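[1] This is the structure alone, sequence omitted:
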């Protein structure tokens, strides 16, 4: 029972990561509760090493506020790395896809 609940939280968190900020029609996500956020943060921290590229891993960690980092905007991250905010967004997206693959290789079936 507990494992099913954790899987549901992971699926819900993955949907929120991918589509939470989108304006596209049909991609409505449900916000995570405080408890769900804590569980999902733990899962992300446990799997962050699944992002092979160091810069992508750093960007994802800083933007999501995991691995000891405070949450930062893409603009702030870009300024500190000497790249644009849009380039940070591109690298973050690639990193997130790697992260989701490390959580579950069949993650795409979750986020339809």
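    Nice, I can see it. Only a predicted model underlies this, so the values are computations on that prediction, with no experimental measurement involved. Numbering: from 1, shown residues only.

[2] What sits closest to residue 92 if chain neighbours are left out?
    Excluding its sequence neighbours, the residue lying closest to residue 92 (CB to CB, 6 or more residues apart in numbering) is residue 59, at 5.1 Å. C-beta coordinates here come from the backbone N, C-alpha and C atoms, glycine included.

[3] mind checking how far the one you found is from residue 52?
    According to CB to CB, to the nearest Å, residue 59 and residue 52 sit 13 Å apart.

[4] try residue 71
    Distance check for residue 71 against residue 52: by CB to CB, it reads 23 Å.

[5] Tell me who's in contact with residue 30.
    Contact analysis of residue 30 by CB atoms under 8 Å, 6 or more residues apart in numbering lists 12, 15-16.

[6] Redo those residues as CSV? Include secondary structure and distance to residue 87.
    Output for the contacts of residue 30, formatted as CSV (DSSP: H, G, I helix; E, B strand; the rest coil; distance: CB to CB, whole Å):
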residue, secondary structure, distance to residue 87
12, helix, 29
15, helix, 25
16, helix, 23
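
[7] Closest one to residue 33 out of these, please.
    residue 12 (9.6 Å; CB to CB).

[8] pretty sure the closest one is touching residue 36, no?
    Yes. With contact defined as CB atoms under 8 Å, residue 12 reaches residue 36; the gap is 6.6 Å.

[9] Could you pull up the contacting residues of residue 41?
    Shown in contact with residue 41 (CB under 8 Å, 6+ apart): 64, 66.

[10] now the contacts of residue 30 in a markdown table, with pLDDT and distance to residue 97?
    Shown next, in a markdown table, are these (pLDDT from 0 to 100; distance: CB to CB, whole Å):
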| residue | pLDDT | distance to residue 97 |
| --- | --- | --- |
| 12 | 81 | 18 |
| 15 | 77 | 14 |
| 16 | 78 | 15 |
